[in-house]
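Novice: Structure for the following, please:
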Amino acid sequence: MKNPIPPSARECFNDSSCIFSHLSPDELTMIPIDQDPDFYRRGSVIYTEGSRIRGFYCIVSGIIKIYKTGFDGKEQIIRFAKKGDIMGFRSTITHEPACTTAQALEDAYIFFVHGDLVLEFVKENGDFALELLQIACKELGEANDYITDIAQKTVRERLAEIIIHLLNEFNLDQENYLKITLTREELANIVGTATESVIRLLSEFKQDGLIELKGRKIKILDEKTLVRIANLNN
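Specialist: Okay, the predicted model is just below:
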């Protein structure tokens, strides 16, 4: 199957949501952004846990799931990356092996920026360095919230919170379904529970009129009640 026409990396880099939008015109000329980004089909692995990452991966289009693998081989999804997001910056800055695996959840175009350039931007561009620090702090905060949720919230509460989080992160399509589609196993890997528990709870949410299911697609019918179940108002 022929790859689709790649989107413009320049358009993505100029988007205010992308960290590379903080680069000056001279700095942008140091990156070959007029070259086509790399194409990854759904299911393709971009990098693996324990590998050496030599730079930043910038998402031009598509959705990437980032996860860790437990000793039993089970995935624990840490977060998702979408257009304008970056991956691999921790390993690039610290020169340590990757602590996660990144896999395309849907067909994606990704642009790679070499680590030497990234480190030069960090040293010379204060806005770029500050944005990178803010991204790192945001991810740390989300990790702390997740640890608290695992310890203090029920599986039902965590699933409701994940559905609301996906709504805020990816929004809705024209039919009012979440713009991200996940398998029941992937949902379980985010929530931190068994797949059977997620299947049962989704069925309960559907019966209670909170959501509508169409295969992997989820439509939110009662956002306020899901927020209340997730204890997000406290």
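Novice: Please, where are all the helices along this protein?
Specialist: Assignment of helices within the chain using DSSP state H yields the ranges 9-14, 25-28, 89-94, 115-124, 126-152, 155-170, 184-191, 195-207, 223-229.
Novice: Remind me what the fifth one packs against, helices and strands.
Specialist: What it means is helix 126-152. strand 75-81, helix 89-94, helix 115-124, helix 155-170 (3 or more C-beta pairs under 8 Å, 6 or more residues apart in numbering; DSSP states H and E). All C-beta atoms are positioned from the backbone trio N, CA, C, and that covers glycine.
Novice: To Glu186, which of those lies closest?
Specialist: For the helices and strands packed on helix 126-152, distance to Glu186 was read as C-beta to C-beta. The smallest value, 6.5 Å, belongs to strand 75-81.
Novice: Determine how far that closest one lies from the middle of the whole chain.
Specialist: What separates the centre of strand 75-81 from the centre of its chain is 7 Å, taken as C-alpha atoms, centre = their mean, to the nearest Å.
Novice: To what extent is the closest residue to Asn231 other than its chain neighbours buried, counted in neighbours?
Specialist: In space, Asn231 comes closest to Glu157 once its chain neighbours are excluded; the distance is 5.8 Å by C-beta to C-beta, 6 or more residues apart in numbering. The burial metric for Glu157, expressed as a neighbour count using other C-beta atoms under 10 Å, is 17.
Novice: what sits against the most centrally placed residue in the chain?
Specialist: Centre of the chain computed as the mean C-alpha position; nearest residue by C-alpha atoms, centre = their mean is Phe80, 1.4 Å away. For Phe80, the contacting residues are 63-66, 105, 169-170, 180, taking C-beta atoms under 8 Å, 6 or more residues apart in numbering as the criterion.
Novice: so the residue nearest to Asn231 touches Arg228, yeah?
Specialist: No. Counting by C-beta atoms under 8 Å, Glu157 stays clear of Arg228, with 10.0 Å between them.
Novice: can you give me the offset of the helix or strand bottoming out on mean pLDDT in the chain from its chain's centre?
Specialist: Evaluated with mean pLDDT, DSSP states H and E, the helix-and-strand set of the chain has its lowest mean pLDDT in helix 9-14, which scores a mean of 76. Taking C-alpha atoms, centre = their mean, one finds helix 9-14 lying 19 Å from the centre of the chain it belongs to.
Novice: repeat for stretch 138-155
Specialist: The chain centroid and the centroid of stretch 138-155 are separated by 16 Å, computed with C-alpha atoms, centre = their mean.
Novice: from here on, count from 21
Specialist: With 21 as the first residue, the last one maps to stretch 158-175.
Novice: what residue ranges in this protein score low on pLDDT?
Specialist: The model of the chain has pLDDT under 70 over residues 21-27, 253-254.
Novice: So which elements touch the least confident helix or strand of the chain?
Specialist: Contact partners of helix 29-34 among helices and strands, from 3+ C-beta pairs under 8 Å, 6+ apart: strand 75-81, strand 128-134.
Novice: which parts of the last one are buried?
Specialist: It stands for strand 128-134. Neighbour counts over strand 128-134 (16 or more other C-beta atoms under 10 Å) mark 128-133 as buried.
Novice: Parallel or antiparallel, list what pairs with it.
Specialist: When sheet partners are counted by DSSP bridges, strand 128-134 sits next to strand 58-60 (antiparallel), strand 75-81 (antiparallel).
Novice: Make JSON lines from those strands and add distance to Val211 to it.
Specialist: As requested, the strands paired with strand 128-134 are exported to JSON lines (distance: least, C-beta to C-beta, whole Å):
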{"stretch": "strand 58-60", "distance to Val211": "26"}
{"stretch": "strand 75-81", "distance to Val211": "24"}
